[in-house]
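> attaching a predicted model along with its sequence, questions to come.
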Amino acid sequence: MKPFAAAVIAALLLAAPPAPAALTAFSSAAAGSIPAPWQVVTLPKLPKHTRYDIVAVDDEYVLRVVASGSYANLLHPLAGSRAQRLSWRWRVVQPIEDSDLTRKGGDDVPARVCVLFDLPLDRLRLGDRLKVELGRALFDPGLPAASLCYVWDRRLAPGTWLANAYTDRVRMLVLRRGGYGAWAEESRDLAADFARAFPHEARDGLPPLAAIGVAADGDDTGGASLAYIGDLKLH
């Protein structure tokens, strides 16, 4: 997640119609158009945007994600969902060859699934709270205070936790490495993952979900990628 991208996402959340409590399935759409309320969120300063569309793969409609030196998120707002588990399947066909999630110049992925939490600021440490308050004052009053992203990487081992190269308010967990071309099934315990990513904030339990996002980007390395994502389901 690039600098101030969360502010753009927050602006969408504030401007969007009332959000549903469940995720709209990609398989419910026809080929081509992304089903509402999924919406592409971009950064104006980045001219190339990752492409998202619905295609038929193995007799089922899924999301196709194509990055080429580009950046954009696909976001689904939620009405304070209290879901405890998120499941989905995904498939990376072409990875980002020069990616390195440990540094800003390599912060690109062929596929990521992110959970944005509606976390009250009083659950943050003072330093973190001041960072978020400053971001909200400068960029957007709805800036998310905590996000968790699951990523498919080319070099880091599955199970690796790390902070986003641009902000430690976004924590990442590598779920897959390699295995290109094959579908992989995921099912994540959100409470357990939130507690691992944000142990201080998790003392009062899992906060409500504000949104789910999916993304791929190649703007830092100039790389290209191709991935597919099936329906995401909250339980």
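Looks like it arrived, so ask away.
> any idea how far Ala163 is from Thr42?
23 Å (CB to CB, to the nearest Å). Using the backbone N, CA and C atoms, a C-beta is placed for each residue, glycine as well.
> brain fart, Pro95
From Pro95 to Ala163 the distance is 22 Å (CB to CB).
> equivalent analysis for Ser225, please.
Distance from Ser225 to Ala163, by CB to CB: 22 Å.
> what's around Ser68, how many residues?
When neighbours are counted by other CB atoms under 10 Å, Ser68 registers 16.
> again with Ala22
So Ala22, with other CB under 10 Å, has 12 neighbours.
> that one and Asp231 touch, don't they?
No: here Ala22 does not reach Asp231: they are 11.2 Å apart, not a contact under CB atoms under 8 Å.
> and Pro208, backbone torsions?
With angles defined as degrees, to the nearest 10, Pro208 sits at phi -60, psi 160.
> between Ser225 and Ala163, which one's more packed in?
Neighbour totals were compared for Ser225 and Ala163, and Ser225 leads with 26 against 14 (other CB under 10 Å).
> in the protein, what secondary structure element scores lowest on mean pLDDT?
helix 5-15 (a mean of 50; mean pLDDT, DSSP states H and E).
> give the other helices and strands that whichever helix or strand comes after that helix contacts.
Once the chain leaves helix 5-15, the next helix or strand it forms, by DSSP states H and E, is strand 39-41. Packing contacts for strand 39-41, counted by 3 or more CB pairs under 8 Å, 6 or more residues apart in numbering; DSSP states H and E, involve helix 5-15, strand 73-81.
> buried sites along strand 39-41?
Val41 (16 or more other CB atoms under 10 Å).
> and it, what's its mean pLDDT?
Here strand 39-41 scores 94 as its mean pLDDT.
> for the helix or strand that it is followed by, packing partners?
Downstream of strand 39-41, the next assigned helix or strand under DSSP H and E is strand 51-57. Packing partners of strand 51-57 (3+ CB pairs under 8 Å, 6+ apart): strand 60-68.
> contacts for the strand it packs on next, please.
Under the criterion CB atoms under 8 Å, 6 or more residues apart in numbering, residues 26-31, 34, 48, 50-56, 74, 96, 108, 110-111, 214-218, 223-231 lie in contact with strand 60-68.
> whichever of the residues you listed end up buried, select them in PyMOL.
Buried residues within the contacts of strand 60-68, by 16+ other CB under 10 Å, are selected in PyMOL with:
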select buried, resi 26+29+34+48+50+52+54+74+96+108+110+111+214+215+216+217+218+223+224+225+226+227+228+229+230+231
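> and Ala191, what element?
Per DSSP H and E: helix 190-197 holds Ala191.
> now the angle from that helix to strand 73-81?
110 degrees (axes from the mean of the first three to the mean of the last three CA atoms, to 10 degrees).
> buried residues, helix 190-197. List them.
Quick answer for helix 190-197 (16+ other CB under 10 Å): Leu190, Asp193, Phe194, Ala197.
> no further queries at this time; thank you.
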